[in-house]
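In: here is a sequence together with a model predicted from it:
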Amino acid sequence: MANSKNKDGLGEFQVPALDYSLSRPAKIDYGIGCVGAGGIMRNTHLVAYHNLGLNVVAITDAMPKVARETAQLRGVPTIYASLSDLLDDARIEIVDVAVPPHAQLEIVREIVARSHIRGILLQKPIAPNLAQAGEIVALCERAGKKLGVNQNMRYEPGIRALKILLSQGILGIPILATIEMRVAMSWQSFMRNADRLMLLNMSIHHLDSFRFLFGDPTRVFASAQTDPRHPFAQDGSAFYTLEYADGLRALGFDDSYGGPDRLTQAGENFVQWRVEGTQGMALGTVGWSKPSTLKFMTRQKPDYWFEPRLSAVWFPDAFGATMMQLIRAVDENSEPEIGGRDNLKTMAVVEACYQSLAEHRAVQVAYA
């Protein structure tokens, strides 16, 4: 964005460069092996990797037919009948795991036993609870494997641009932040009859984004409502307040019901956010497969809204970014930007929300 001059000609405001693109590591041709060939792998991960020119060498799935179909569609050269066969392929240096959270611990146990594998990318949530998540992180650390977590909303264009505005002080000191989601959810089959639903599987995007933007909250209060279409879990819809030591309040409103008729209400589904600070305010909407929106104002240029155009999209572009941050960590022998140890803090916030639900009170977040 270029400088913007006040209409009255009384001065100029230096508009920040909202460059949320990622620099490419020196080496990107690490062999990637994919575990799981379902919709998220087929339509998002592999599309993003192809767009970036990454080196996907093999895939496996518990359902061989699904693995064959995905491999043929996305040009993956090798299909393995079993997880062990894929992990034994010495070409594979990074494993991308896209399976339900309850299955990831056992897969990680097998991965860390292979010396040639250097990095692991896990879907969020990495486990159904904080205890299992901690075990996964410990396994990877003991084995010297880089663990990245696919908390891909951190790379959603609007959230990434908002982080730049905050870091440069354009909005001043944050006072109030909100994320509101109104989406009639069709939960994946593995979530049916699960006792943890919204907070663990969807709100975790927003809880992690709040952490990315503002740091670690000290206390949470959560409330939830059963979705009449999915009465098996208490948190069909979830509502929560994060309290920060500096006074900031971050609120999430995650409605998975979206109205009684999915067809007529579809046009009213949305995800939007708002941040109010001492020097300005920013608003945005989250696009899934279309560009997100962002607008902001600042006291440095009163009565004017900046509306930069965001070209990247959450799906699939952010999924390429989560893999690239892991590749960079492998290439530079550094900690991934979204590493396992950091993600335990997000899981701790999720755990505190469930404790709040159970005890009907505000709960201090217990970080390890």
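Out: Right, received. Where do you want to start? Residues are numbered from 1 along each chain as shown.
In: from here on, just use CA atoms for contacts and neighbour counts.
Out: Will do.
In: can you show me the helices along the stretch 251-368 of the chain?
Out: In the stretch 251-368 of the chain, the segments counted as helices under DSSP state H, counting those that start in this stretch are 262-265, 319-332, 340-359.
In: and for the last one, what's in contact with it?
Out: With Cα atoms under 8 Å, 6 or more residues apart in numbering as the test, helix 340-359 has contacts from 125, 129-130, 133-134, 137, 147-149, 199-200, 204, 207-208, 211, 216-217, 220-224, 240, 362-368.
In: likewise for stretch 60-69?
Out: 34-38, 59, 79-83, 86.
In: give the buried residues for that stretch.
Out: 60-61, 64, 66-68 (16 or more other Cα atoms under 10 Å).
In: restricted to strands, list the residues you listed.
Out: residue 60 (DSSP state E).
In: TSV for the buried residues of stretch 60-69, including distance to residue 141 and pLDDT?
Out: Shown next, in TSV, are those (distance: Cα to Cα, whole Å; pLDDT from 0 to 100):
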residue	distance to residue 141	pLDDT
60	25	98
61	26	98
64	32	97
66	32	98
67	30	98
68	33	98
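In: want to throw the buried residues of stretch 60-69 into CSV with distance to residue 340?
Out: Output for the buried residues of stretch 60-69, formatted as CSV (distance: Cα to Cα, whole Å):
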residue, distance to residue 340
60, 24
61, 24
64, 30
66, 29
67, 27
68, 31
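In: what's the average pLDDT for stretch 343-353?
Out: Mean pLDDT, stretch 343-353: 98.
In: please apply the same query to stretch 145-155.
Out: 98.
In: give me the residues contacting it.
Out: 112, 117-124, 126, 137, 140, 159-160, 205-206, 208-209, 212, 314, 318-319, 321-323, 325-326, 329-330, 335-340, 343.
In: distance between the ends of that stretch?
Out: 23 Å (Cα to Cα, to the nearest Å).
In: off-centre distance for it?
Out: 7 Å (Cα atoms, centre = their mean, to the nearest Å).
In: try stretch 68-76
Out: 25 Å.
In: kindly report the same for stretch 300-312.
Out: 25 Å.
In: in that stretch, which residues are buried?
Out: 301, 310, 312.
In: just the C-alpha atoms of that stretch, please, in CSV.
Out: What follows is stretch 300-312, C-alpha atoms only, in CSV (Å, rounded to 0.1, in the frame of the first residue of the first chain):
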residue,chain,number,x,y,z
GLN,A,300,-3.2,9.1,12.7
LYS,A,301,-5.6,9.8,9.9
PRO,A,302,-9.1,10.5,11.3
ASP,A,303,-12.3,9.9,9.5
TYR,A,304,-10.8,7.6,6.9
TRP,A,305,-11.1,3.8,6.5
PHE,A,306,-8.3,2.0,4.8
GLU,A,307,-9.5,-1.1,2.8
PRO,A,308,-6.5,-3.0,1.5
ARG,A,309,-7.2,-5.8,-1.0
LEU,A,310,-6.2,-9.3,0.3
SER,A,311,-5.3,-11.5,-2.6
ALA,A,312,-4.5,-14.8,-0.9
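In: could I get the CA-only coordinates of the helix or strand that contains residue 72 as CSV?
Out: Assigned by DSSP states H and E, residue 72 belongs to helix 64-74. These are the backbone C-alpha positions of helix 64-74, laid out as CSV (Å, rounded to 0.1, in the frame of the first residue of the first chain):
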residue,chain,number,x,y,z
PRO,A,64,-6.8,-48.0,-0.2
LYS,A,65,-9.5,-46.9,-2.7
VAL,A,66,-9.4,-43.4,-1.2
ALA,A,67,-5.6,-43.3,-1.4
ARG,A,68,-5.7,-44.4,-5.1
GLU,A,69,-8.3,-41.8,-6.0
THR,A,70,-6.5,-38.9,-4.3
ALA,A,71,-3.1,-40.0,-5.7
GLN,A,72,-4.5,-40.1,-9.2
LEU,A,73,-6.2,-36.8,-8.9
ARG,A,74,-3.3,-34.9,-7.4
